[in-house]
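> structure of the sequence below:
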Amino acid sequence: MQYVMPLMLRAARCRICGAESTRISRQMRVCAACLRADPERALPLAQAAHRRARHLFGLPEEPPRSAEGIPCSLCAHACRMAEGERGYCNLRENRGGRTAVLAGGPESGILHWYYDPLPTNCVAMEVCGERGSWGRDNLAVFYGACSFNCLFCQNWHYMQDAAALSPRASAAELADAATGRVACICYFGGDPAPQLPHALAASRLARSRRPVRICWETNGTMHPALLRRIVEVSLGSGGTIKFDLKASSKPVHIALTGFSNRRTLDNFAAAALRARERPDPPLVVASTPLVPGYVDEEEVGAIAGLIASLNPEIPYRLLAFCPNFLMENLPTTSRAHAQRCLDAARSAGVRHVGLGNVGLLGDLY
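Predicted coordinates:
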């Protein structure tokens with residue numbers, strides 16, 4: 001089904017407490033206060049919205065959990081696929097008791113790529129090793145699959161690619177795109193996690209021909225063994241791993257993304273410990289979208305506290321929110337909201353915190 005994003009600012013009522021606000025998602029119909037205080041009643045409302053979102057595109061609505069199914073260990077879902085069943089990412093299937101890799105291996109990935117002239121609007125551009133580059137390109141690789149289901153996703157188009165299993169390119173074809181003008185490759189999407197075997201193969205081939213930085217924008221749900229591999233690739237190439245830390249509290253994170261943040265936080269902590277090995281350019285950068293009504297100074301302060309406890313030098317980028325996908329009724333982040341979150345992050349001890357997407361800031365609340 002083709003999804004067309006409407007643009008509107010409308011209030012919604014929380015079905016738990018009755019509060020009404022333009023900062024309550026019309027799809028979830030539950031506020032952040034109730035998510036935190038009464039998750040047993042509030043989370044089923046949010047999870048129903050996630051199932052509807054997946055149904056729009058004909059994608060698996062939940063990670064399969066067949067007791068006798070074939071296990072997949074690529075990401076935190078640890079899907080177990082029954083005969084004929086696909087994993088949550090839609091890229092792997094149980095065929096005759098064996099895993100059929102429909103996409104995401106070195107032979108074929110679901111992706112788009114394009115050249116983005118440096119310097120770019122990358123989350124980590126202010127601290128990137130290519131921040132002073134002109135006349136060269138970033139090879140931007142948009143992967144068409146994800147292990148989360150963010151209801152506010154600005155790149156929700158990946159769902160169309162995941163459902164169609166198209167467009168495709170092999171790791172060798174992608175590596176060929178890393179011409180002499182390419183200074184860095186950045187994998188994003190969607191998310192690279194479901195297709196890391198493809199990305200790692202392409203990175204290896206590209207770097208065997210010429211020096212190129214390897215960077216990632218990820219929700220951090222990959223298997224810890226795969227995290228260790230991408231850490232080594234980025235450390236060795238001068239690249240950066242940008243972790244999207246959507247929320248701190250588990251209920252709010254589940255409401256926004258569909259899933260727990262446990263693997264994300266564990267992997268972030270493991271990568272943060274390695275970040276001291278190369279302070280400049282930083283190995284690890286964190287970012288958080290300031291979703292009105294849901295990601296407030298309480299969430300940001302807790303995330304910043306974690307960052308500071310691990311390594312206060314890790315750059316932290318707060319991102320102004322743009323209404324999108326199934327959270328289109330919310331406003332853009334207000335200036336006051338952004339300032340409170342900046343203050344909370346600094347108070348928590350993060351030494352390098354900044355605000356991105358400032359052009360989106362408004363005064364609607």
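> could you list the low-confidence segments of the chain?
For the chain, applying pLDDT under 70 flags the ranges 1-8.
> can you pull out the helices in it?
32-37, 39-56, 158-164, 171-176, 196-209, 224-237, 250-257, 262-274, 297-310, 335-347 (DSSP state H).
> let's have the ones you listed in JSON lines, adding mean neighbour count.
Any C-beta I mention is one placed from the backbone N, CA and C, and that applies to glycine too. As requested, the helices of the chain are exported to JSON lines (neighbours: other CB atoms under 10 Å):
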{"stretch": "helix 32-37", "mean neighbour count": "20"}
{"stretch": "helix 39-56", "mean neighbour count": "17"}
{"stretch": "helix 158-164", "mean neighbour count": "21"}
{"stretch": "helix 171-176", "mean neighbour count": "18"}
{"stretch": "helix 196-209", "mean neighbour count": "21"}
{"stretch": "helix 224-237", "mean neighbour count": "17"}
{"stretch": "helix 250-257", "mean neighbour count": "24"}
{"stretch": "helix 262-274", "mean neighbour count": "19"}
{"stretch": "helix 297-310", "mean neighbour count": "21"}
{"stretch": "helix 335-347", "mean neighbour count": "19"}
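> including distance to L290, could the ones you listed go into a markdown table?
Below are those laid out as a markdown table (distance: least, CB to CB, whole Å):
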| stretch | distance to L290 |
| --- | --- |
| helix 32-37 | 12 |
| helix 39-56 | 19 |
| helix 158-164 | 22 |
| helix 171-176 | 33 |
| helix 196-209 | 28 |
| helix 224-237 | 26 |
| helix 250-257 | 12 |
| helix 262-274 | 18 |
| helix 297-310 | 7 |
| helix 335-347 | 6 |
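> of all the ones you listed, which one is nearest I16?
helix 32-37 (4.0 Å; CB to CB).
> hey, C-alpha coordinates of that closest one in PDB?
Provided in PDB are the C-alpha atoms of helix 32-37 (Å, rounded to 0.1, in the frame of the first residue of the first chain):
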ATOM      1  CA  ALA A  32       4.200  10.300  28.100                       C
ATOM      2  CA  ALA A  33       3.100  10.800  31.700                       C
ATOM      3  CA  CYS A  34       0.800   7.700  31.500                       C
ATOM      4  CA  LEU A  35       3.500   5.700  29.600                       C
ATOM      5  CA  ARG A  36       5.800   6.300  32.500                       C
ATOM      6  CA  ALA A  37       3.300   5.900  35.300                       C
END
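> list the helices and strands that helix packs on?
helix 39-56, helix 250-257 (3 or more CB pairs under 8 Å, 6 or more residues apart in numbering; DSSP states H and E).
> ok, the most centrally placed residue in the chain - contacts?
Closest residue to the average C-alpha location of the chain: N219 at 3.7 Å, with CA atoms, centre = their mean. Listed by CB atoms under 8 Å, 6 or more residues apart in numbering, the contact set of N219 reads 146-148, 191, 193, 243-244, 246, 257, 264.
> if we go to 6 Å?
Contacts for N219 (CB atoms under 6 Å, 6 or more residues apart in numbering) come out as 148, 191, 244, 264.
> then A53?
149, 326.
> could you measure the closest residue to G129 other than its chain neighbours against V212, distance?
Leaving aside its sequence neighbours, G129 sits nearest to P281 (CB to CB, 6 or more residues apart in numbering; 3.9 Å). Going from P281 to V212 by CB to CB, to the nearest Å gives 14 Å.
> on that earlier part again, out of the helices and strands packed on helix 32-37, which comes closest to R23?
helix 250-257 (13.1 Å).
> which residues are in contact with the closest one?
In contact with helix 250-257 (CB under 6 Å, 6+ apart) are residues 32, 35-36, 39, 43, 46, 148, 150, 246-247, 260-261, 294.
> please enumerate the strands of the stretch 1-150 of the chain.
Along the stretch 1-150 of the chain, counting by DSSP state E, counting those that start in this stretch, strands occupy 12-13, 20-21, 70-71, 80-81, 92-95, 98-101, 109-117, 137-143.
> between the helices of the chain, which one is nearest to Y114?
Closest among those, using CB to CB: helix 171-176, at 11.8 Å.
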